[in-house]
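> Need a 3D model of the sequence below.
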Amino acid sequence: MVIPLTGKTALQGDLAVPDKPVGLVVFAHGSGSSRHSPRNRMVAARLQQRRLATLLVDLLTEDEERIDVRTRHLRFDIELLAHRLSSAAGWTGSRPELAGLRVGYFGASTGAAGALIAAAEHPGNVGAVVSRGGRPDLAGDHLGRVKAPVLLIVGGRDEVVLDLNRQAQSRLSAPSRLVVIPQATHLFEEPGALEAVAESAGAWLLEHLDPPR
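Numbering: from 1, shown residues only. As a prediction, the model looks like this:
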C-alpha cells in the first residue's frame, strides 16, 4: 500500500491487522534491506499471532532506493529514517482499524537507531522499542531522551555489535533489557535463533503495548 507523506513523497508499506488487535508495531529495516526482508516478515508473522498489527515500511522512496544502490548514503541518514518512521506511524492514526492502539517500533541494524531517534523526538506516541542486531549507538545523544522501554536483542557471536549495544544501553535513561541469543550471529541465521528473537520481542511488545488492566 502507499503511505502518503508531506508534499509528493510517498512510501511503500505492508500492513497486516489481526482480529481484535491489541497494539501496532512499525518495522524499520536496516541498511540494504527492505520491507520484503524474510527475517522481519517472519517476526511480523509471529507478532500477528499475538494479535499485534504490523506495518513493514520502506523508509526510502523507489527513486531514493535507486540512488542509494550507487551511493550507499541515504541508508545511513539516520535522521531522515527517523523522520520517515515517525511520519509512517502518524499515518496509521488515520486508519479506523488501528484507532486507539499503542504503537511500538521494531528496528533492525541501522533501522534501530532510526527507531530510537523517532521515539526520542515523539515520546508521547511510542510505547516500546525493540532492536534486533541493531546499531543503537548511531542514535547518539538521542539515547538519553528516549522514554519508551527498550529491548536490545543481539547474537552472542556478534561480538562487535554486542559491545556497541552494551555501551548504548548504559546511555539509556528509559527502562531497558539486553537479550543475548547464544551462538547467534548478526543475521540470526542459526537454527532457532530467529524464533528466539520473535519470542523475546513479542513478550516485550505485549507487556508494554497491551499491559494487564
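
> could you give the mean pLDDT of stretch 11-30?
Averaging pLDDT along stretch 11-30 yields 93.

> How far away from the center of its chain is that stretch?
With Cα atoms, centre = their mean, to the nearest Å as the basis, stretch 11-30 stands 10 Å off its chain's centre.

> what do you get for stretch 51-58?
The answer for stretch 51-58 is 10 Å, by Cα atoms, centre = their mean.

> can you give me the strands in this structure?
Ranges of strands within the chain are 2-4, 10-16, 23-28, 52-57, 103-108, 128-132, 150-155, 176-181, based on DSSP state E.

> so can I have a markdown table of those strands showing distance to residue 210?
Bear in mind the C-beta positions are built from the backbone N, C-alpha and C, glycine included. Below are these laid out as a markdown table (distance: least, Cβ to Cβ, whole Å):
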| stretch | distance to residue 210 |
| --- | --- |
| strand 2-4 | 24 |
| strand 10-16 | 17 |
| strand 23-28 | 5 |
| strand 52-57 | 8 |
| strand 103-108 | 10 |
| strand 128-132 | 10 |
| strand 150-155 | 15 |
| strand 176-181 | 18 |
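
> Nearest approach to residue 91 belongs to which of the ones you listed?
Nearest to residue 91, of all the strands of the chain, is strand 2-4, at 5.2 Å by Cβ to Cβ.

> returning to what we had before: select from the strands of the chain the stretch with the lowest mean pLDDT.
If you rank the strands of the chain by mean pLDDT, strand 2-4 sits at the bottom with a mean of 85.

> Against which helices or strands is the longest helix seen in the chain packed?
Assignment by DSSP state H gives helix 193-209 as the longest helix of the chain. The contact analysis (3 or more Cβ pairs under 8 Å, 6 or more residues apart in numbering; DSSP states H and E) places helix 193-209 against strand 23-28, helix 38-49, strand 52-57, strand 103-108, strand 128-132, strand 150-155, strand 176-181.

> Could I get the strands of the chain in CSV, plus columns for distance to residue 93 and mean neighbour count?
Formatted as CSV, those follow (distance: least, Cβ to Cβ, whole Å; neighbours: other Cβ atoms under 10 Å):
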stretch, distance to residue 93, mean neighbour count
strand 2-4, 12, 13
strand 10-16, 13, 17
strand 23-28, 10, 27
strand 52-57, 12, 24
strand 103-108, 9, 29
strand 128-132, 17, 29
strand 150-155, 23, 26
strand 176-181, 27, 18
